[in-house]
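In: Compute the structure for the input listed below.
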Amino acid sequence: MRILCVGRVTVAVCSVALAAAAQSQPQPRARDLGVPFDGLPGPLNAITDVKGIEVGHATIISGAGPLEVGVGPVRTGVTAVLPRGTKSTDPVFAGWFSLNGNGEMTGTTWVEESGFLEGPVMITNTHSVGVVRDAVIKWRVRQGPPDASGYWWSLPVVAETWDGYLNDTNGFHVKERHVFEALSSARPGPVAEGSVGGGTGMICHGFKGGIGTSSRRLDEKAGGHIVGVLVQANHGTRGQLRIAGVPVGRELTASTPRGGDTGSIIIIVATDAPLLPHQLKRLARRASLGMARNGAISGNGSGDIFIAFSTANQGAFDPSRNVSVTMTPNGQMDRLFEATVQATEESIINALVAGRTMTGIDSHTVIGLPHDKLREILKKYNRLVEQ
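Out: Prediction:
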């Protein structure tokens, strides 16, 4: 991840940028604080535990003080998730689901029709969807040959959540170069969480939110498959928040930065299990239950949109011949459903734990979830796992 400081750079801005840079450094995650979760995570406890997946961020932070549209302050960015990495043009089977549609995820009508995801999944702020979509098309033209039909055409999947409480969202600060930065920086391995990429200016359950990720590994009897989840969490209210079944939000009663459930969440579910598009839609639906474990209700003003894909069945997109594919029997999907729910729940809490206090436009400040108080509350309810 690279932080791009543009516009009015002051001492205050430099301190903000340094705080954001810390997001890419090793830091505690939810399990490190003693939060108990069900299920067995993969080695990285991240979506990149699914072999082949790469994730990249471009984080844009500049300015401080009063809002000046077009100038700043800026607290935004772009996140890229590539199902088979930057070198592959092989599409993956996919399915999507909208729990509440006050949001946007482009390209999903073709995902629904074709059953394939033909490029990366991008996440940004609400008013930057267009520029990100256009930049992805240009990137794909540069990246490789035309599609199998011989034409240069693309319907990219770009999703959003609104960051206008902290960011000059009407200033259109996400540019083509930031999209290229997120794509070119995509790597396997650990994933930066919190106020990075598209999650830079996001708020979750009244605390600083953003990017979070987790994974679950099934036992060998269930195929040994991996389910990975990545979220851009910008949803929920303080009073709703539950962590490991504990009403943490009600215990932390300080004022919240905005009223009502007016945010959104984008959830990406990935697996190496061989699933067909209709099964992946079923998997995407289960992300809703992971949200609910943490107390979210998917309010009227929330855009809660999910996409799931499988990295199995390589070459299934080949239009030149009949292809054979494998699928997991529906009767064996319960473990995958369970893994999705568990990894979604933990991804959201990881986003909260990684979030650090941030000040944005008009000196709006959103505090990070206080780690010490979280541990105290979990201990009070006998839910703390001592390290």
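In: where in the stretch 151-300 of the chain is pLDDT low?
Out: Across the stretch 151-300 of the chain, residues meeting the criterion (pLDDT under 70) sit at 254-255, 258-262.
In: Show the residue spans covered by the strands in it.
Out: Taking DSSP state E, counting those that start in this stretch as the criterion, the stretch 151-300 of the chain carries its strands at 157-161, 203-204, 207-208, 210-217, 226-234, 264-271.
In: Could you dump these into JSON lines and include mean neighbour count and distance to Asn102?
Out: Glycine gets a C-beta too; all of them are placed from N, C-alpha and C. Formatted as JSON lines, the strands of the stretch 151-300 of the chain follow (neighbours: other C-beta atoms under 10 Å; distance: least, C-beta to C-beta, whole Å):
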{"stretch": "strand 157-161", "mean neighbour count": "28", "distance to Asn102": "10"}
{"stretch": "strand 203-204", "mean neighbour count": "28", "distance to Asn102": "16"}
{"stretch": "strand 207-208", "mean neighbour count": "26", "distance to Asn102": "21"}
{"stretch": "strand 210-217", "mean neighbour count": "29", "distance to Asn102": "19"}
{"stretch": "strand 226-234", "mean neighbour count": "31", "distance to Asn102": "12"}
{"stretch": "strand 264-271", "mean neighbour count": "30", "distance to Asn102": "7"}
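In: wait, which of these is closest to Thr357?
Out: With C-beta to C-beta, the closest approach to Thr357 among these belongs to strand 207-208: 6.3 Å.
In: pLDDT score for Ser24?
Out: Ser24 carries a pLDDT score of 46 in this model.
In: now do Gly315
Out: We have a pLDDT of 93 for Gly315.
In: any idea how far Val325 is from it?
Out: Gly315 is 9 Å from Val325, where distance means C-beta to C-beta, to the nearest Å.
In: picking that back up, what about the strands of the stretch 151-300 of the chain, which gets the closest to Ser128?
Out: Minimum separation from Ser128 across those (C-beta to C-beta) falls at strand 157-161, 7.2 Å.
In: I'd like the strands of the stretch 151-300 of the chain written out as CSV, with distance to Pro28 added.
Out: Converted to CSV, the strands of the stretch 151-300 of the chain look like this (distance: least, C-beta to C-beta, whole Å):
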stretch, distance to Pro28
strand 157-161, 24
strand 203-204, 17
strand 207-208, 15
strand 210-217, 13
strand 226-234, 17
strand 264-271, 22
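In: list the contacts for the most centrally placed residue in the chain?
Out: The C-alpha lying nearest the average C-alpha coordinate of the chain belongs to Val231 (C-alpha atoms, centre = their mean; 2.7 Å). For Val231, the contacting residues are 211-213, 265-268, 344, 347-348, 351, by C-beta atoms under 8 Å, 6 or more residues apart in numbering.
In: hmm, 10 Å instead?
Out: Going by C-beta atoms under 10 Å, 6 or more residues apart in numbering, Val231 touches 47, 123, 161, 193, 199, 202, 204, 209-214, 265-269, 287, 290-291, 306, 343-344, 346-351.
In: now do Asn330
Out: 275-276, 278-279, 282.
In: Confirm for me that His57 is in contact with Val191.
Out: Yes. In this structure His57 lies within contact range of Val191 using C-beta atoms under 10 Å: 8.7 Å.
In: so which of the strands of the stretch 151-300 of the chain gets nearest Val385?
Out: Closest of those to Val385 is strand 210-217, at 15.8 Å (criterion: C-beta to C-beta).
In: other SSEs contacting the closest one?
Out: When contacts are defined as 3 or more C-beta pairs under 10 Å, 6 or more residues apart in numbering; DSSP states H and E, strand 210-217 sits against strand 54-62, strand 74-82, strand 203-204, strand 226-234, strand 264-271, helix 334-354.
In: switch to 7 Å and redo it
Out: strand 226-234, helix 334-354 (3 or more C-beta pairs under 7 Å, 6 or more residues apart in numbering; DSSP states H and E).
In: what sits up against that strand?
Out: 39-42, 44-47, 49, 79, 191, 193-197, 199-200, 202, 226-233, 339, 342-343, 346-348, 350-351, 354-355 (C-beta atoms under 7 Å, 6 or more residues apart in numbering).
In: again, only using 6 Å
Out: Strand 210-217 has contacts (C-beta atoms under 6 Å, 6 or more residues apart in numbering) with 39-42, 45-47, 49, 191, 193-197, 199, 202, 226-233, 339, 342-343, 346-348, 350-351, 355.
In: angle of that strand against strand 264-271?
Out: Here the directions of strand 210-217 and strand 264-271 differ by 30 degrees (axes from the mean of the first three to the mean of the last three C-alpha atoms, to 10 degrees).
In: how far is strand 210-217 from where the chain is centred?
Out: Its chain's C-alpha centre lies 8 Å from the corresponding centre of strand 210-217 when counted by C-alpha atoms, centre = their mean, to the nearest Å.
In: is it true that Arg242 touches Gly295?
Out: Yes. At 4.1 Å, Arg242 counts as touching Gly295 under the criterion of C-beta atoms under 6 Å.
In: Tell me which of the strands of the stretch 151-300 of the chain sits nearest to Gly130.
Out: strand 157-161 (8.4 Å).
In: Check which helices and strands that closest one sits against.
Out: Judged by 3 or more C-beta pairs under 6 Å, 6 or more residues apart in numbering; DSSP states H and E, strand 157-161 is in contact with strand 121-125, helix 129-143.
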